[in-house]
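[1] need a 3D model of the sequence below.
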Amino acid sequence: MKLGEDFYRRILEESHDEICVSDKDGVMLFCNKSFEENYGISKDDMIGKGVEYLQENGYATKSPIPKVILTKKKFTIEQKTHTGKTLIITAIPIFDSNGDIEYIMENVRDITELNEIKHELESKEKEVLKYKSEVETLYKSTLRYEDEVICGGPIMEPIITTAKRIANANVNVMILGESGTGKSSIARYIHRISKRAKKPFITINCTTIPSHLLESELFGYKAGAFTGANSKGKVGLVELADGGTLFLDEIGDIPLDLQAKFLQLIQERTFIPVGGVKPKKVNIRIISATNADIMAKVKDKSFREDLYYRLNVIEIKLPPLRKRGENLIKMIRYYFKRYCKEFGVPDKTISREAVNVLSKYSFPGNIRELQNIMQKIVLTSPGDCINASDLPYIIDFKSEIKNPTKDKDVGRNDNLNNMANSIKYNSDNDELNFDDIMNEFEKIIISDYYSKYKSTYKIAEKLGISQSKASRLVRKHLNSDS
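    This next block holds a predicted model:
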């Protein structure tokens with residue numbers, strides 16, 4: 001079937017893109033109806049005119065045709081029109097048998113709408129990045145201060161010194177300690193002061209992900225790797241940590257069958273996604289942590305010995321809260337202020353007596369228990385000032401006397417034990433009233449503290465009272481002043 005000239009003309013006219021043809025000098029010979037939409041001028045008015053007419057009369061910016069005439073090569077430009085459109089024009093030379101330009105064809109595409117969508121997307125992306133940056137800054141500043149509180153104090157000083165020494169060495173670190181002692185805070189601290197600080201810090205808790213999903217979460221998977229897998233596959237946490245730090249919390253609970261893959265990751269810095277065959281290379285630093293007796297696991301063959309030595313190049317042991325001394329008091333005050341702000345009661349205060357009682361508690365649950373207790377007392381205490389009587393039933397001064405912490409105040413606690421027993425004995429004596437009993441308590445406490453510290457300043461500091469009150473009590477019970 002032979003197609004006539006009318007067929008081709010109709011096809012060209014219906015083209016969504018503008019199509020124009022000029023002669024070798026740039027005089028317009030043909031243009032379809034899309035031309036009129038782009039420039040707001042009748043195509044009949046344009047036929048026979050040079051392409052420079054559009055620029056000279058303000059219909060559009062420059063045309064690519066003069067460049068094609070000059071170079072005899074295809075040329076593409078972006079053009080703006082007075083109708084508000086943005087066009088991409090590609091001008092192509094058509095040569096005669098002698099190699100000279102006979103015609104120049106223009107293909108013109110309106111990208112105005114695409115540009116608007118692009119600009120809108122760019123604007124949204126900038127907005128998202130702005131909010132993301134603000135959230136990250138707020139999160140990091142809050143987290144950073146909390147980490148500094150947790151890592152502070154003289155007991156933690158040698159640990160922080162070690163962390164600073166090894167921060168920029170590309171060695172694996174294992175952090176040991178009871179649950180809730182701040183292992184993740186130390187891990188973040190090491191990352192933050194290292195050369196990898198601007199790269200990702202990816203945390204994975206090996207106990208929170210089911211063992212059958214752990215491998216795919218860590219190493220990712222290829223499309224169709226297993227039933228229910230994402231059709232596009234998934235990037236694993238190991239790959240997301242590339243260039244930064246991978247923090248493996250509770251590493252002691254990782255399944256034995258996965259430990260071999262970890263060994264490959266540590267030794268060769270490569271891994272194979274689930275369902276894949278080609279290894280992927282990553283540049284990561286691994287920090288692991290556990291509250292388990294990891295050596296016991298090595299001995300009973302539930303944790304590979306070779307993996308243990310690869311992970312435990314540098315070992316950091318964190319002390320529990322009960323051994324943190326003055327740092328515990330700082331943490332108590334920090335979390336109290338934090339939760340007061342979070343729960344909308346910023347004007348609440350906590351008495352020195354309550355802080356002292358809290359600081360004598362053993363906190364078997366460490367930081368998590370401290371956080372729990374501080375939230376509880378902030379929310380449930382009725383008054384504006386939290387006193388020792390507002391503390392949860394698990395923490396009371398009497399229980400701390402009966403179960404003294406084994407530290408430098410053991411002797412003092414023994415005396416208080418004796419005092420408690422003494423008062424219990426005297427409670428059967430009808431001649432003693434309440435004031436007499438309390439006076440006896442007061443005398444024993446002041447005598448005990450004065451014999452130990454020989455200073456009203458120290459007594460005031462230890463008992464959480466003013467120095468003037470300490471002086472008055474010393475004069476009252478010991479007929480002496482310091």
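[2] the chain - how does it break down into domains?
    5-110, 151-319, 322-397, 408-478 (automatic domain parsing).
[3] any buried residues in stretch 200-217, and which?
    By 16 or more other Cβ atoms under 10 Å, the buried positions in stretch 200-217 come out as F201, I202, T203, I204, C206, L214, E215, S216, E217. To be clear about C-beta, it is placed using only N, CA and C from the backbone, and glycine gets the same treatment.
[4] make TSV from these and add distance to R310 and secondary structure to it.
    Shown next, in TSV, are the buried residues of stretch 200-217 (distance: Cβ to Cβ, whole Å; DSSP: H, G, I helix; E, B strand; the rest coil):
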residue	distance to R310	secondary structure
F201	21	strand
I202	19	strand
T203	20	strand
I204	17	strand
C206	16	coil
L214	19	helix
E215	19	helix
S216	23	helix
E217	21	helix
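[5] so which of the domains of the chain gets nearest K124?
    domain 5-110 (20.0 Å; Cβ to Cβ).
[6] starting at the chain centroid, how far to that closest one?
    55 Å (Cα atoms, centre = their mean, to the nearest Å).
[7] quick check: mean pLDDT of it?
    The pLDDT scores in domain 5-110 average 91.
[8] tell me how far the ends of it are from each other?
    Using Cα to Cα, to the nearest Å, the end-to-end distance of domain 5-110 comes to 27 Å.
[9] with stretch 281-288 instead?
    20 Å.
[10] what segments of the protein are strands?
    Secondary structure of the chain (DSSP state E): strands located at 18-23, 28-31, 75-80, 86-95, 101-110, 173-176, 201-205, 245-249, 270-271, 280-281, 285-290, 314-317, 349-350, 385-386.
[11] packing partners for the last one?
    Right, the one you point to is strand 385-386. strand 349-350 (3 or more Cβ pairs under 8 Å, 6 or more residues apart in numbering; DSSP states H and E).
[12] likewise for the fifth one?
    For strand 101-110, the packing partners by 3+ Cβ pairs under 8 Å, 6+ apart come out as strand 18-23, helix 34-39, helix 65-71, strand 86-95.
[13] and the longest one, what's buried?
    Buried residues in strand 86-95, counted by 16+ other Cβ under 10 Å: T86, L87, I89, T90, A91, P93.
[14] cool, the third one as well?
    Counting neighbours by 16+ other Cβ under 10 Å, one finds that the buried residues in helix 65-71 are I65, P66, V68, I69.
[15] check the second one too.
    Buried residues in helix 34-39, defined by neighbour count with 16+ other Cβ under 10 Å: S34, F35, E36, N38, Y39.
[16] pretty sure F343 sits against L379.
    Yes. Assessed by Cβ atoms under 8 Å, F343 is found in contact with L379 at 6.0 Å.
[17] who touches both of these two?
    Both F343 and L379 lack any common contact, where contact means Cβ atoms under 8 Å, 6 or more residues apart in numbering.
[18] now I89. Nearest residue, chain neighbours left out?
    Of all residues not flanking I89 in the chain, V108 sits nearest, at 4.9 Å (Cβ to Cβ, 6 or more residues apart in numbering).
[19] stretch 201-216 spans what distance, first to last residue?
    Per Cα to Cα, stretch 201-216 runs 19 Å from first to last residue.
[20] now that stretch: how far from the chain's centre is it?
    Taking mean C-alpha positions (Cα atoms, centre = their mean), stretch 201-216 and its chain are 17 Å apart.
[21] in JSON lines, list the helices and strands packed on strand 101-110 along with distance to F303.
    Formatted as JSON lines, the helices and strands packed on strand 101-110 follow (distance: least, Cβ to Cβ, whole Å):
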{"stretch": "strand 18-23", "distance to F303": "71"}
{"stretch": "helix 34-39", "distance to F303": "71"}
{"stretch": "helix 65-71", "distance to F303": "71"}
{"stretch": "strand 86-95", "distance to F303": "62"}
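[22] quick one: closest of those to A289.
    Judging these by Cβ to Cβ, what sits closest to A289 is strand 86-95, at 55.5 Å.
[23] which strands and helices sit next to that closest one?
    helix 65-71, strand 75-80, strand 101-110.
[24] okay, now S185: neighbour count?
    20 (other Cβ atoms under 10 Å).
[25] state the distance from it to I367.
    8 Å (Cβ to Cβ, to the nearest Å).
[26] mutual contacts of those two, please.
    Residues touching both S185 and I367 (Cβ under 8 Å, 6+ apart) are I150.
[27] where does pLDDT dip in the protein?
    For the chain, residues meeting the criterion pLDDT under 70 lie at 1, 129-145, 224, 227-229, 231, 393-434, 479-482.
[28] ok, for S351, nearest residue in space, not its chain neighbours?
    N387 (5.0 Å).
[29] which residues does the one you found contact?
    S351, E353, A354.
[30] among those, which ones are buried?
    So, of these, E353, A354 end up buried under the neighbour-count rule (16+ other Cβ under 10 Å).
[31] if we can go back for a sec, could you export the buried residues of stretch 200-217 as CSV, including distance to S123?
    Supplementary listing: the buried residues of stretch 200-217 in CSV, determined by distance: Cβ to Cβ, whole Å:
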residue, distance to S123
F201, 30
I202, 30
T203, 33
I204, 35
C206, 41
L214, 40
E215, 40
S216, 36
E217, 34
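[32] chain center to stretch 466-474, what's the gap?
    Per Cα atoms, centre = their mean, the centroid offset for stretch 466-474 relative to its chain is 49 Å.
[33] quick one: K2 from Y8, how far?
    12 Å.
[34] more crowded one of those two?
    In terms of neighbours (other Cβ under 10 Å), Y8 is the more surrounded of K2 and Y8; the figures are 10 against 4.
[35] for that one, give me its contacts.
    Counting by Cβ under 8 Å, 6+ apart, Y8 has no contacts.
[36] please report how far it lies from T90.
    20 Å.
[37] now swap in K164 and tell me
    K164 is 60 Å from T90, by Cβ to Cβ.
[38] can you check R322 too?
    76 Å.
[39] wait, S359 sits on L328?
    Yes. Taking contacts as Cβ under 8 Å, S359 lies within contact range of L328: 5.3 Å.
[40] the spatially closest residue to I329 that is not a sequence neighbour: neighbour count?
    Residue nearest to I329 in three dimensions, not counting chain neighbours: S359, with 5.1 Å by Cβ to Cβ, 6+ apart. S359 sits with 21 neighbouring residues when counted by other Cβ under 10 Å.
[41] residue contacts, S359?
    Contacts of S359 by Cβ under 8 Å, 6+ apart are L328, I329, I332.
[42] ok, the last one - contacts?
    If I follow you right, that is I332. With Cβ under 8 Å, 6+ apart, I332 has these contacts: I350, V355, L358, S359, L370, M374.
[43] and the residues you listed, which of them are in helices?
    Taking DSSP state H, the ones among the contacts of I332 that sit in helices are V355, L358, S359, L370, M374.
[44] roughly how far apart are the nearest residue to R322 once chain neighbours are set aside and P320?
    In space, and not counting its chain neighbours, R322 is closest to S362: 4.6 Å by Cβ to Cβ, 6+ apart. S362 sits 8 Å away from P320, going by Cβ to Cβ.
[45] nearest to D17, of the contacts of N387?
    When these are compared against D17 (criterion: Cβ to Cβ), the nearest one is A354, at 77.9 Å.
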